[in-house]
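Undergrad: below: sequence and its predicted model.
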Amino acid sequence: RLRRRWTATGGSPPPSSSSGVVPSWESSSEDFGQKVDLTVRIREILRNYPEGLSILKELIQNADDAGARTVRFVAAEARPCRRRDSSPSSSSPPSSSSSSSSSSSDPLSDILSGPSLLAYNSARFTSTDFKSIQRIGDSLKKSGPSGTKTGRFGVGVNSTYHLTDVPVFVSGSKVVLFDPQARYVPGINPANPGKMIDCTKSSGRGLVSSLPAAFDPLRLFGCKFDGSEFPGTTFRFALRSERSAATSRLSRRSHSLEDMRALLREMAGAASSMLLFLKNVERIEVYDWKAAEGAPRLVGRTSVSNGTEKLRRMRSYALHAPAPVPGSRRKPVAVDYVLELKSERAGTSEEGGTTSAPAGETWMVCNQLGGGRASNMASDKAAEHLRLVPWAGVAARLDPPPVPCAEGDGGEADGGATMDEGMDAVEVVDGDGVIDDTQTEAGTGAASATGPSSGGAAYCFLPLPVSTGLPIHVNGYFELSSNRRDIWWSADDMSGDGRRRAVWNASLLADVAGSCYCRLL
């Protein structure tokens, strides 16, 4: 009847096979979806992420998000290794005196056998971390319960492709190799360009032992590859040689060991500025490891020298603070403390290699959670997808260092005092998880504060290439571009989320960082 109706009105009959069945999509169409070339995506990331110190900052930020307290960087010469028996039972660690050259000639061993950058942190990957590192541009950090992790863009660790074609890392009992070009690691393809090795299995331990050039340097910080859980994470970035750069689809730029040594010397000099606003990391160490030496030599070390459990709770307060509640009248919370840093630098071999006397710095850090319009925006349902956190702070170096206060003394307080005009009343966290539900006067804190000698910088927990024009450093959960270098500011042609991000940054400065600055003064 349907066929007669179509014919009667001059239309064509509905398509059908000779059996009267409508053809299926599978048999009558072909795949024609949009695709993303991983190597092209990585090249785009590298164009937006500059080389140099920014790469190390990303690794520090990831370590801080993971809860690590220690970060170490090592510029490692190529270390001659004896090729091991690849049988599954071979799992013993190498002798530090092993010096026979490798005879391997397979592509993976060749590309991983040269000098490298090692990056260690004292936190172990979680199952979520393993999933997140596989997702470019879609980090699972931003979908957490509070969105308080800073590395929310899912592209930061991929900045290391500036240095290498095949990053390798070990965490817990797992070893991972990424090969976006699907060129070097056996048994992979463009759809799954990487491998994970489980070292709790004898076959996994045997595979690791068969590639000493790739994996032996990962033993430096205590990983044994014996099936036990390594309580940390070590990345190895084999530096791209001129030969591999000539054909690489990721970057045509090669890097030498001297490039890495210069970069790590720069990091050693900047480490104190890195630690000011981090939530967990309290020690950054830099080393140089020559092939003829059994252990790496210290280049520089900077650490928080007053790192008590109380201070740790205060530094990480933003991670554990309750999420904003729409309509809540909860007061802003002040988290202020003195941060003492100690730095050691080793001279070059030409200078005798001696370590300089430790140099100390003392900083007053004033933080605040919530305040004014920033609190309202953070609890607004319309901005929930942005995961806004109304946390900001300021830091000024103290000169001379302040006289130590008695335990629990957070500065002057007056339960009946009013705040300076335009400032919010704040609750004060004392580091033991206790909130003093009184109003505090501005000016609780500091001895005479002197600004950073090089001028104040903006931070999103690590320094940004943005000057504040103030004699202090200013930190905040700012909305940034995905390369973490630019802060969103308002423009006439902005609307939607772009405008909301710009308004957020202005509110965070005025309502939260501004209150911190007043207390600092």
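TA: Yep, that arrived.

Undergrad: could you pull out the strands for the stretch 101-250 of the chain?
TA: All strands of the stretch 101-250 of the chain, identified by DSSP state E, counting those that start in this stretch, fall at 116-121, 167-172, 174-178, 194-198, 230-238.

Undergrad: just the helices from the stretch 51-200 of the chain, written as ranges.
TA: Listed from the start of the chain, the stretch 51-200 of the chain has helices (DSSP state H, counting those that start in this stretch) covering 53-65, 107-112, 127-132.

Undergrad: deepest-packed of those helices, please.
TA: Of all the helices of the stretch 51-200 of the chain, helix 53-65 has the most neighbours on average by mean count of other Cβ atoms under 10 Å, namely a mean of 23. Glycine gets a C-beta too; all of them are placed from N, C-alpha and C.

Undergrad: show the end-to-end separation of stretch 33-53, please.
TA: One end of stretch 33-53 to the other measures 39 Å (Cα to Cα, to the nearest Å).

Undergrad: for that stretch, what is the average pLDDT?
TA: For stretch 33-53, the per-residue pLDDT values average out at 90.

Undergrad: with stretch 330-347 instead?
TA: For stretch 330-347, mean pLDDT is 92.

Undergrad: stretch 65-80 now?
TA: The average of the pLDDT scores along stretch 65-80 is 93.

Undergrad: pull the CA atoms of it into PDB?
TA: Coordinates of each C-alpha in stretch 65-80 appear next as PDB, following Å, rounded to 0.1, in the frame of the first residue of the first chain:
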ATOM      1  CA  ASP A  65      49.000  18.300  42.500                       C
ATOM      2  CA  ALA A  66      49.900  14.700  43.300                       C
ATOM      3  CA  GLY A  67      50.900  15.600  46.900                       C
ATOM      4  CA  ALA A  68      54.700  15.200  46.500                       C
ATOM      5  CA  ARG A  69      57.000  16.900  49.000                       C
ATOM      6  CA  THR A  70      60.200  16.400  47.100                       C
ATOM      7  CA  VAL A  71      61.100  17.100  43.400                       C
ATOM      8  CA  ARG A  72      64.500  16.200  41.900                       C
ATOM      9  CA  PHE A  73      66.000  17.000  38.500                       C
ATOM     10  CA  VAL A  74      69.100  15.300  37.100                       C
ATOM     11  CA  ALA A  75      71.000  16.000  33.900                       C
ATOM     12  CA  ALA A  76      72.300  12.500  33.100                       C
ATOM     13  CA  GLU A  77      75.100  11.600  30.700                       C
ATOM     14  CA  ALA A  78      74.600   8.400  28.600                       C
ATOM     15  CA  ARG A  79      75.600   5.600  30.900                       C
ATOM     16  CA  PRO A  80      77.200   2.600  29.200                       C
END
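
Undergrad: sorry, back to before: can you list the helices of the stretch 51-200 of the chain in TSV and add distance to residue 322?
TA: Listed next are these as TSV, based on distance: least, Cβ to Cβ, whole Å:
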stretch	distance to residue 322
helix 53-65	19
helix 107-112	46
helix 127-132	21
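
Undergrad: closest to residue 218 out of those?
TA: Taking Cβ to Cβ, helix 107-112 is the member of the helices of the stretch 51-200 of the chain nearest to residue 218, at 10.9 Å.

Undergrad: against which helices or strands is that closest one packed?
TA: helix 212-215, strand 230-238 (3 or more Cβ pairs under 8 Å, 6 or more residues apart in numbering; DSSP states H and E).

Undergrad: mind running it again at 10 Å?
TA: Taking 3 or more Cβ pairs under 10 Å, 6 or more residues apart in numbering; DSSP states H and E as the contact definition, the neighbouring helices and strands of helix 107-112 are helix 212-215, strand 230-238, helix 242-245.

Undergrad: mind giving me the packing neighbours of the longest one?
TA: Packing partners of strand 230-238 (3+ Cβ pairs under 10 Å, 6+ apart): helix 53-65, strand 70-76, helix 107-112, strand 116-121, strand 167-172, strand 174-178, helix 212-215.

Undergrad: now these as JSON lines including distance to residue 303?
TA: Formatted as JSON lines, the entries for those read as follows, by distance: least, Cβ to Cβ, whole Å:
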{"stretch": "helix 53-65", "distance to residue 303": "14"}
{"stretch": "strand 70-76", "distance to residue 303": "9"}
{"stretch": "helix 107-112", "distance to residue 303": "32"}
{"stretch": "strand 116-121", "distance to residue 303": "14"}
{"stretch": "strand 167-172", "distance to residue 303": "23"}
{"stretch": "strand 174-178", "distance to residue 303": "29"}
{"stretch": "helix 212-215", "distance to residue 303": "29"}
